[in-house]
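**Student:** with the input below, show me the fold.
(one chain, ligands or ions: 2)
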Amino acid sequence: MAGPDKLLVIDEGTTSTRAIVFDRDFAQVSLAQQDLTLSYPADGWVQQDGEEIWARTLAVCREAVAAAGGIAGIAGIGITNQRETTLVWDRATGVPIAPAIVWQDRRTAKACEALKAAGHEAAVHAETGLLLDPYFSATKIGWILDSVDGARARAEAGDLAFGTVESFLIWKLTGGRVHASDVTNASRTLLYRLGIGADGGWSEEMAALLDVPMGMLPEVKPNAADFGTSDADLLGAALPILSAAGDQQSALVGQGCLQPGMAKITYGTGAFLVANTGAVRPDSQHRLLGTVGYETAGGAAMALEGSIFNAGTVVKWLRDDLGIVASAQDTESMAAGLDGNGGVYIVPAFTGLGAPHWNADARGTISGITRATSAAHLVRAGLESAAYQTRDLLEAFAADGAQIRELRVDGGMVANDWLMQFLADICDRPVLRPDYREMTALGAAALAAIQLGWISVKAWTERPVAGTRFEPLMADAERAGLLKGWQDAMRRTLA
Ligand SMILES: Nc1ncnc2c1ncn2[C@@H]1O[C@H](COP(=O)(O)OP(=O)(O)O)[C@@H](O)[C@H]1O
Ligand SMILES: O=P(O)(O)OC[C@H](O)CO
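**Tutor:** Ligands and ions are numbered 1, 2, ... in the order given. Take a look at the predicted model:
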């Protein structure tokens, strides 16, 4: 009898957790999804319940495995996750001691400002490739340790563990036997010396500067590695955990961007443009991030990243908070039904601005409204903002010497054909949308298959990706007019 020939991938995103079963040819066999609760208890705060993340992740895994014909066919697990989101849990119980502080959360803006004012940013950038911004995990750990009674002493005594979401899920899946992370997630903490293989590692210098006890940190492994074995009672059999990667890096792998110069942008809750820089450790002079792209025994790369904090969130806000569109899909016909944007711009700085501005205090603006502005104009402005923010990133990449000639896209928002054409028009570049959209999960499946020896890094790189190409069609004068409107709106936001 043939052995198990499928892979179970956990794709734990910011707004939902999904489990997808892939067959050996990387075709999707089943998918189960549950939304996650995000709470906003104060201005700039965004948090989640770690136990809810775990319970819903386990539930979708069970559902996807059952729909794929049962556990006997599953060879192992791959994990990919929203990055930077910070959990601190009790090693004895596995229960978080505080809500998970989500990557979008700005509560540590003052702590970051104080570190910048003390002149630490250059050293932080040189060591980690990152910037002093509340986005990253380290100041979030500090906040938990300083605001939960007794937490710092317990962390110093070795009773508490820190992890980003993949690490927490590995802990839960293995019943606390494995406390591990991977290089891509570790390289988002502000605590990791940026590098591949032996060049990378937890940084004692950063841990001291940011006051994080090193005993809390997980062991860091490559993206395709032995992350332990899941407890048999969870899914009906013990399964090896074969891969772990941050969702943006996993999408880089999924899109097959394993050669230097290749890039992708994923439009989910936020949007993240990641370019493979090969063996070159990026040193951005334009406020982009240096990060690990991927690392396996068969190949590894560094990457340059531009992070947009709010992309799909705008669509959710238009639907769930303003109530001016019934579904995310309906944004497409509303935007397409207008002749133009009517001069309306939304700068969605709900939780500050990421690259290239890095302004934690900025808050969003709607500008250009008149008595003629309709709900459709607001919807269109919300969608357009994803394209303008991408254009701003492309300019920062070009200034850093990274010319991105075509945009490989994925994520929930790319279902929107109107937006894809507008993106090609505003960025003045072809946009390539794969037919199979779950590139984040596919990347984790590829990494797990690499770990099993089912496929080599080279064969994965050469695998063709079928999709649709959107060519830029807009006249230069029209694009220039729209961009001027956006720049004016951005100036108002930053003022
Ligand atoms: N047709 C659409 N047009 C625009 N946005 C969409 C569309 N469908 C889904 N979205 C947005 O995509 C986002 C979900 O993308 P997804 O990749 O699942 O996010 P995440 O991984 O961050 O949870 C949501 O914010 C949703 O509003
Ligand atoms: O939830 P997503 O897909 O927007 O991804 C979140 C990022 O990993 C945050 O850095």
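
**Student:** report the separation between the residue nearest to residue 158 when sequence neighbours are not counted and residue 142.
**Tutor:** Leaving aside its chain neighbours, residue 158 sits nearest to residue 215 (4.9 Å; criterion: C-beta to C-beta, 6 or more residues apart in numbering). Every residue, glycine included, has its C-beta placed from N, CA and C. According to C-beta to C-beta, to the nearest Å, residue 215 and residue 142 sit 15 Å apart.

**Student:** which of those two has more neighbours?
**Tutor:** Between residue 215 and residue 142, residue 142 has the larger neighbour count (other C-beta atoms under 10 Å), namely 17 against 14.

**Student:** now the one helix or strand that one maps to: mean pLDDT?
**Tutor:** Counting by DSSP states H and E, the element that carries residue 142 is helix 137-147. Confidence for helix 137-147, expressed as mean pLDDT, is 98.

**Student:** other SSEs contacting the helix or strand just after that helix?
**Tutor:** Scanning the chain past helix 137-147 towards its C-terminal end, the next helix or strand to appear is helix 151-156 (assignment: DSSP H and E). With contacts defined as 3 or more C-beta pairs under 8 Å, 6 or more residues apart in numbering; DSSP states H and E, the secondary structure elements packing on helix 151-156 are strand 87-90, helix 137-147, strand 160-163.

**Student:** and helix 151-156, what's buried?
**Tutor:** For helix 151-156, a neighbour-count test (16 or more other C-beta atoms under 10 Å) marks 151-152, 154-155 as buried.

**Student:** then stretch 111-126?
**Tutor:** Of all the residues in stretch 111-126, those buried under the rule 16+ other C-beta under 10 Å are 111-112, 115, 120-121, 124-125.

**Student:** show me what contacts residue 153?
**Tutor:** With contacts defined as C-beta atoms under 8 Å, 6 or more residues apart in numbering, residue 153 is in contact with no residue.

**Student:** what packs against the helix holding residue 142?
**Tutor:** strand 87-90, strand 100-101, helix 109-117, helix 151-156.

**Student:** what about the worst-scoring helix or strand of the chain on mean pLDDT, distance to the chain center?
**Tutor:** Of all the helices and strands that make up the chain, helix 457-462 has the lowest average by mean pLDDT, DSSP states H and E, namely a mean of 93. Between the centre of helix 457-462 and the centre of its host chain there is 23 Å, according to C-alpha atoms, centre = their mean, to the nearest Å.

**Student:** take that helix, keep the C-alpha atoms, and write them as PDB.
**Tutor:** Once non-C-alpha atoms are left out, helix 457-462 reads as follows in PDB (Å, rounded to 0.1, in the frame of the first residue of the first chain):
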ATOM      1  CA  VAL A 457      14.400  23.600  -4.200                       C
ATOM      2  CA  LYS A 458      15.500  23.700  -7.900                       C
ATOM      3  CA  ALA A 459      12.400  21.700  -9.100                       C
ATOM      4  CA  TRP A 460      10.200  24.000  -7.100                       C
ATOM      5  CA  THR A 461      11.800  27.100  -8.700                       C
ATOM      6  CA  GLU A 462      11.200  25.800 -12.200                       C
END
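
**Student:** can you name the next helix or strand after it?
**Tutor:** Remark: after helix 457-462, the chain's next helix or strand is strand 467-470, criterion DSSP H and E.

**Student:** now do the very next helix or strand once past that following strand, average pLDDT.
**Tutor:** Following strand 467-470 in sequence order, the next helix or strand is helix 476-494 (DSSP H and E). The average pLDDT for helix 476-494 rounds to 97.

**Student:** again, but for stretch 247-259
**Tutor:** On average, the pLDDT along stretch 247-259 is 96.

**Student:** just how off-centre is that stretch within its chain?
**Tutor:** If you compare the mean C-alpha spot of stretch 247-259 with that of the full chain, they lie 12 Å apart, counting by C-alpha atoms, centre = their mean.

**Student:** that one: which residues count as buried?
**Tutor:** 247-258.

**Student:** sorry, back to before: and the angle for the helix holding residue 142 with helix 109-117?
**Tutor:** On the basis of axes from the mean of the first three to the mean of the last three C-alpha atoms, to 10 degrees, helix 137-147 is oriented at 120 degrees to helix 109-117.

**Student:** is stretch 60-68 anywhere near ligand 1?
**Tutor:** No: using C-beta under 6 Å from any ligand atom, no contact is recorded between stretch 60-68 and ligand 1, whose separation bottoms out at 12.8 Å.

**Student:** tell me the contacts of residue 424?
**Tutor:** Contacts here follow C-beta under 8 Å, 6+ apart; on that basis residue 424 touches 407, 430-431, 470-473.

**Student:** considering the residues you listed, which possesses the most neighbours?
**Tutor:** Of those, with other C-beta under 10 Å as the count, residue 431 tops at 26 neighbours.

**Student:** look at that residue and report its pLDDT.
**Tutor:** Each residue has a pLDDT score; the one for residue 431 is 97.

**Student:** give the contact list for it.
**Tutor:** Residues counted as contacts of residue 431 (C-beta under 8 Å, 6+ apart) are 406-407, 409, 420-421, 423-424, 469-470.

**Student:** now swap in residue 104 and tell me
**Tutor:** Residue 104 sits in contact with 14, 46, 135, 269-270, 309-310, 350-351, where contact means C-beta under 8 Å, 6+ apart.

**Student:** these in helices, which ones?
**Tutor:** Among these, no member is found in helices (DSSP state H).

**Student:** show me which of those neighbour ligand 1.
**Tutor:** Filtering those for proximity to ligand 1 (criterion: C-beta under 6 Å from any ligand atom) leaves 14, 269.

**Student:** ok, back up a step: out of the helices and strands packed on helix 137-147, flag the one nearest ligand 2.
**Tutor:** With C-beta to the nearest ligand atom as the measure, strand 100-101 is the member of the helices and strands packed on helix 137-147 nearest ligand 2 (12.5 Å).

**Student:** how far off centre is the closest one?
**Tutor:** A distance of 15 Å separates the centroid of the chain from that of strand 100-101, by C-alpha atoms, centre = their mean.

**Student:** ok, it near ligand 2 or not?
**Tutor:** No: if you take C-beta under 6 Å from any ligand atom as the test, strand 100-101 misses ligand 2, and the best it gets is 12.5 Å.

**Student:** list the helices and strands that strand packs on?
**Tutor:** Of the remaining helices and strands, those touching strand 100-101 by 3+ C-beta pairs under 8 Å, 6+ apart are strand 47-48, helix 137-147.

**Student:** what does that strand rub up against?
**Tutor:** Contacts made with strand 100-101 from outside it, assessed by C-beta under 8 Å, 6+ apart, are listed as 46-50, 53, 85-87, 107, 140, 143-144, 165, 168.

**Student:** how about the residues of the stretch 101-250 of the chain near ligand 2?
**Tutor:** For the stretch 101-250 of the chain, the residues found near ligand 2 under the criterion C-beta under 6 Å from any ligand atom are 103, 246-248.

**Student:** and these as CSV, adding distance to residue 209 and secondary structure?
**Tutor:** As requested, those are exported to CSV (distance: C-beta to C-beta, whole Å; DSSP: H, G, I helix; E, B strand; the rest coil):
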residue, distance to residue 209, secondary structure
103, 21, coil
246, 23, strand
247, 27, helix
248, 25, helix
